[in-house]
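> based on what follows, work out the 3D shape:
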Amino acid sequence: MAHDVSDLRTLNGASPELIPQDLPKASNLQRTLKSSIGCSGVGLHSGVRVAMKLHPAPANSGIVFKRIDLVGGGSEIPARWDRIADSRMCTVLAAENGVSVATVEHLMAAFYGMSIDNALVELNGPEVPAMDGSAAPFIFLMECAGVTEQSVPRKHLRILKPVVYSNGTKEVTLAPAKSGLKLNFDIDFAAPAVGQQSCSFDIDRDVFKAEISKARTFGFLSDVTALREAGLARGGSLENAIVVDGDRVLNEDGLRHSDEFVRHKVLDAIGDLYLTGHRIVGEFQGFCSSHADTANLLRLVFAEDSNWDLIEAPESNASDTGQTWDQPLRQATAG
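Below is the predicted model:
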């Protein structure tokens, strides 16, 4: 059964009966959606209205984007780090023939937060809809569609040694961790409304939904003209972004968290990190970094086989529960 949700801006008004309460508990098995579901919205940078449908997908297929607005049925684009074509203001993925899809990071973060390994994302335009500028509408979509386990074990990407990418004053690091994914982020903006902010989270489904998913993307009023002249932020508005002017937040409803800005940077990092194709056992540190810095970090990680391996978790999946992996991790066959 397919669902279509045309307006996800009023999440608090959603009917509870639409949201299944029997989401699978943590396990070692891959997951996909129970049913297809769709929505539509404006692309943050393109300004184009796009319809999107999320579909279940077979085990080991990963997250795949498909443009269905193009002649010949469109192109499929795997959500992988080696498909990153641009990362200046958002993360853009491209197929070998040049067909691309932009601003995938918020949706990818929602897939990670919901522990979904396999899904097909159909789009009739060049960009994932911005919705309200956060991952919360996508979480709502996935909860409405439902999540189901598949009969194939999940493999995790384990970081074996610290990998660092520096770009002037910006720096990103992936280092080993005892269990699951931990993210630390620091930002420092001249605008007093943002300023210096820091946060740290051990990522599981509950933490992602409650503490990270609602944090919106943000921009500065002084940059709007230059961005639009560069073909960016054409769909940006107070409905899908926080807009800052010096010491003021222009959105009438204010902030969802006092540190919403740095929380959104964490959200972006989770989405970009999921382009590894796997859930991660490691610790990420971002200092004033961007999409481009995380993309370059992933290239460094995969440049050396000694930086990582693929493993299967014990029966209790620490990435979802926050528990430690108290059993020896065993090497899994890549594939």
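> any buried residues in the host helix or strand of residue 200, and which?
Assigned by DSSP states H and E, residue 200 belongs to strand 196-203. Neighbour-count burial for strand 196-203, counted by 16 or more other C-beta atoms under 10 Å, picks out 197, 199, 201, 203. In short, each C-beta sits where N, CA and C put it, glycine included.
> per-residue confidence for the residue lying closest to the last one once chain neighbours are set aside?
In space, not counting the residues next to it along the chain, residue 203 is nearest to residue 181; the distance is 4.6 Å by C-beta to C-beta, 6 or more residues apart in numbering. If you check residue 181, the pLDDT there is 97.
> quick one: contacts for residue 181?
202, 203, 270, 273, 279, 280, 281, 282, 283, 284, 319 (C-beta atoms under 8 Å, 6 or more residues apart in numbering).
> 10 Å instead?
Applying C-beta atoms under 10 Å, 6 or more residues apart in numbering to residue 181 gives the contacts 112, 156-157, 159, 174, 201-204, 208, 269-270, 273-274, 279-284, 318-319.
> out of these, which are buried?
So, by 16+ other C-beta under 10 Å, the buried ones in the contacts of residue 181 are 112, 156-157, 159, 174, 201, 203-204, 208, 269-270, 273-274, 279-284, 318-319.
> so which of the residues you listed belong to strands?
156, 157, 159, 174, 201, 203, 279, 280, 281, 282, 283, 284 (DSSP state E).
> need the contact list for the last one.
The contact partners of residue 284, by C-beta under 10 Å, 6+ apart, come to 159, 172-175, 177, 181-185, 203, 266, 269-270, 272-273, 294, 297.
> can you check the fourth one too?
If you count contacts by C-beta under 10 Å, 6+ apart, residue 174 has them with 157, 159, 161-165, 181, 273, 276, 280, 282-285, 294, 297-298, 300-301, 307-308.
> so what strands line up beside the strand holding residue 200?
Strand 196-203 sits in its sheet next to strand 181-188 (antiparallel), going by DSSP bridges.
> send the alpha carbons of the strand it pairs with over as CSV?
Extracted in CSV, the C-alpha atoms of strand 181-188 (Å, rounded to 0.1, in the frame of the first residue of the first chain):
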residue,chain,number,x,y,z
LEU,A,181,28.6,6.4,16.4
LYS,A,182,29.5,9.4,18.5
LEU,A,183,29.5,13.0,17.1
ASN,A,184,31.1,16.1,18.5
PHE,A,185,30.7,19.4,16.8
ASP,A,186,32.0,23.0,17.4
ILE,A,187,31.0,26.1,15.5
ASP,A,188,32.1,29.7,15.7
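> name the SS class of residue 64, please.
strand (DSSP: H, G, I helix; E, B strand; the rest coil).
> quick one: it and residue 118 touch, right?
Yes: counting by C-beta atoms under 10 Å, residue 64 does reach residue 118; the two are 8.5 Å apart.
> any idea how far residue 163 lies from residue 176?
10 Å (C-beta to C-beta, to the nearest Å).
> which one's more surrounded, these two?
residue 163 (21 against 13; other C-beta atoms under 10 Å).
> the more buried one: what's it in contact with?
172-175, 282, 297-304, 307-308.
> what does residue 303 give?
By C-beta under 10 Å, 6+ apart, the residues touching residue 303 are residue 163.
> angles on the backbone of it, please.
phi -70, psi -20 (degrees, to the nearest 10).
> same check on residue 150?
Residue torsions, per degrees, to the nearest 10, at residue 150 are phi -110, psi 170.
> give me the neighbour count for it.
17.
> same check on residue 246?
Using other C-beta under 10 Å: residue 246 sits among 11 other residues.
> what's the pLDDT at it?
pLDDT, residue 246: 94.
> so it sits against residue 220, correct?
Yes: between residue 246 and residue 220 there is a contact at 8.8 Å, judged by C-beta under 10 Å.
> and for these two, which residues touch both?
By C-beta under 10 Å, 6+ apart, the residues touching both residue 246 and residue 220 are 190, 191, 193.
> pull out the buried members of those residues.
191, 193.
> pipe the shared contacts of residue 246 and residue 220 into TSV and attach distance to residue 141 per row.
TSV is the format used below for the shared contacts of residue 246 and residue 220 (distance: C-beta to C-beta, whole Å):
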residue	distance to residue 141
190	36
191	32
193	31
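> just the shared contacts of residue 246 and residue 220 now: which is nearest residue 35?
In terms of C-beta to C-beta, no member of those lies closer to residue 35 than residue 193, at 41.4 Å.
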